[in-house]
Each structure stands twice: as C-alpha cells, then as structure tokens.
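Novice: Could you look at this predicted model? Sequence included:
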Amino acid sequence: MKRLLTLSILALFSFAITGQHVKSQDLNLSYLGQKPPGITPEPFAPDIIATGYYERDITISPDGTEIFYGILTGRHVTILYTRLADGKWTEPEIAPFARNSQFFFLEPCFSPDGNTIYFLCTKPPEGKEPAPGWAYQNIWASDKKSDGTWGEIYNPDTAFNRPNSQFYPSLTKTGTLYFTRSDEQTGKSEILRAKKNGNKLDTPELLPPVINANGNIYNAFISPDESYLIGCVDNKKNEINPGFANYYIFFRDKNDNWNEGISFGPDINIKGSTAISASVSPDGKYLFFSARTTSDMMKELASKNTIGALKEYLNSPQNGNYDIYWVSAGVIDNLRPKKQAH
C-alpha cells in the first residue's frame, strides 16, 4: 500500500473524543441520495462517508446497492461498508471480512459480477507468523454468500501474491487484474496485470515503460473496458502540484498501446495533497478520488477556543484529513485524445 501517510494527531484526537459519529440515513436513492456533482469536485456524502476522518479507496457494487471504502483512525486501518436494505442505506460499519483487528485492511475492489471483493490485507501468507504493521501486504478476497452476506477471506491466487508487497487490486470487465507491486529493497512500485484464464490468473506481466518508467507509479485504477488507467505518480516534475504525487491518466488503444500519462488539473491534483487512490463508478458517470484540503470554514473553526468548535472541526470534512471526493467523469473525456474519443 504505497503512500500510507502517518496518522495525524487530528485523526487520533477525533476518534478519541467522539467515537463513530455517523448516523443511519433514510435515503433510498443511488449514491446515498447525494446530488450529483458537476466538473468541480465535491466531498462525497458529507457526514456519511466524508466525516473528518482519513477516508480513501471507494468501490461501488455493479448494481449500486453496496459501497465499501477505507478508513484510517487512531484505532483502525480497515474497510467500512454501507448497503441499501429495505429502502434505506445502513449506517457504515466495518465490513464483515475485515473485523480481525490484528490485521490491516484497505483498498477494496468489486469483481465485475459483484460477487467478490478484493482488497489489501496484512494477514501473513500461509506458513508465516503474524508480524506487526505493514510487514505483509497481499491481495486477499471475500465472496458473497447466497444469503447476501460476505464470507471469510482467502488468497485468491498465488500467481501474484509473492514475498514482496502487492496491493491495490483493480479489475476489468473480463476479469483481468491490475495491481501494484513494490520492491522491498528499492521501494519502487510498478503496475502489473494478470489476465484471467479459466478460474485462475496467468502469470502477471509488467505494463510497458510508458507507464512504469516515468516516475514512481502506484495505486492504479483500470477502467472496466481497459481503455484507460488512472494512477498516482510520484517523483515526476509537475507544475500543477509540485513536490507531491499527482493523479495521472493513461489511455490505451485497441492494440494495447498506451499513451504518455496526462496530469489532471488543479481541482483534482489539489496543491499540497498527495495522490492516494482513484476509481470510477460502475456506471462510468463519476470519478472518485482521495485528497486533503482545509476549507475556509474549517480554518475559522480552528481559530476558536471552545470545545464545541473543536468537536465540529474534528468531525467535519475538509479539515486537513483525506476525504473522498467525486466529480463528473466528463473530466476524463476532456483529457481523452480526440482519436480515442467516444
């Protein structure tokens, strides 16, 4: 899991002072009943998903009735989920497969049919003893049972889970798995893919140098039709948000040729914010990404001296922690080369 930032004092204090503070929502519309964004990014579902904690890595089921996302607090590095049940969205809670607090869970990703969730977990491989922190980083999975609940985690394929770190799974509609592998010695990350072959995956292959050799890329999302990849790119000169990893998009043609990465603009590559994770909704309408900023309202609250103002500051999005944002996928089409335009 590249670029896990140290948990801030803000996140630690927020959890200690309030505990979980989101409420069940009487919402019966898609996307938690939120008003769709335009081409300017907005925090996704304030006070439900964007709560002032450190949130990232959102994935939505193909039918739109389940949402999983990552959260980091002073106590947890885990995956939360909410689902549409009896006409209401449930209060977000720790995903059933992620409740072993001995391990970290992040970076969930739905399979194309919605029946499997892939994710990063620090559970040791078979034959290894548990170790603290991020000693082990592998891709695990959980299958949906016939009653709609989620089963125990398992290693989906040993073809890509090797001794070195692999994380951030992303799948195409044909089942090809894209993921990041990090070299334990150098720390350099690369994007690989493993094509589906029956019930197994082929040996992973590195993506070409146009993606892997220009900067340090990690946490890449692949579009279901494999026409583009959005990755977090570090160590690359960028005038929009210099000194930080930025979100780049790489377009692919039908002959498996990739173009040079194109940086998103300042609304997505927010100044002073490191790129962490991005994904696109299953209907292709919205780009989600994680970023941090401090709004003017939060700056004003921070200047006050009362416990009430402090609580409001700690429990609000755009308080300096990472929030999940969403924006119209039109920002992707605006960057697409004309010859590849839909």
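Specialist: Perfect, I can see it now.

Novice: Relative to residue 206, how far out is the closest residue to residue 123 other than its chain neighbours?
Specialist: Once flanking residues are discounted, residue 123 sits nearest to residue 103: 4.8 Å by CB to CB, 6 or more residues apart in numbering. For glycine as for every other residue, the C-beta is placed from the backbone atoms N, C-alpha and C. Separation of residue 103 from residue 206 (CB to CB, to the nearest Å): 28 Å.

Novice: Give me the more crowded residue out of these two.
Specialist: residue 103 (18 against 13; other CB atoms under 10 Å).

Novice: Pull the contacting residues for the more buried one.
Specialist: 121, 122, 123, 130 (CB atoms under 8 Å, 6 or more residues apart in numbering).

Novice: just checking, the last one is part of a strand?
Specialist: I take that to be residue 130. No. Counting by DSSP: H, G, I helix; E, B strand; the rest coil, residue 130 falls outside a strand, being coil.

Novice: ok, back up a step: give me the lowest-pLDDT entry from the contacts of residue 103.
Specialist: Within the contacts of residue 103, residue 130 has the lowest pLDDT, namely 85.

Novice: Near it, how many other residues are there?
Specialist: Neighbours of residue 130 (other CB under 10 Å): 11.

Novice: same question, residue 200
Specialist: Counted with other CB under 10 Å, residue 200 comes out at 11.

Novice: pLDDT weak spots in the stretch 151-300 of the chain?
Specialist: Low-confidence segments of the stretch 151-300 of the chain, defined by pLDDT under 70: 158-159, 163-164.

Novice: Apply 80 and report the result again.
Specialist: Within the stretch 151-300 of the chain, the set of residues satisfying pLDDT under 80 comprises 157-164, 183-187, 235-236, 298.

Novice: Let me know the secondary structure of residue 312.
Specialist: Look at residue 312: counting by three-state DSSP, its state is helix.

Novice: Can you tell me how far it is from residue 216?
Specialist: Counting by CB to CB - residue 312 and residue 216 are separated by 38 Å.

Novice: Have a look at those two and say which one is more surrounded.
Specialist: Taking other CB under 10 Å, residue 312 and residue 216 do not tie; residue 216 has more neighbours (20 against 16).

Novice: Beta-bridge partners for the more buried one, please?
Specialist: The partner list for residue 216 in beta bridges (DSSP bridges) reads residue 234.

Novice: isn't it right next to residue 234, touching?
Specialist: Yes. Contact criterion CB atoms under 8 Å: residue 216 and residue 234 qualify, at 4.4 Å.

Novice: Kindly point out which residues are neighbours of both of those two.
Specialist: Common neighbours of residue 216 and residue 234, using CB under 8 Å, 6+ apart, are residue 245.

Novice: Can you get me a residue count around residue 154?
Specialist: Applying other CB under 10 Å, I find that residue 154 has 11 neighbouring residues.
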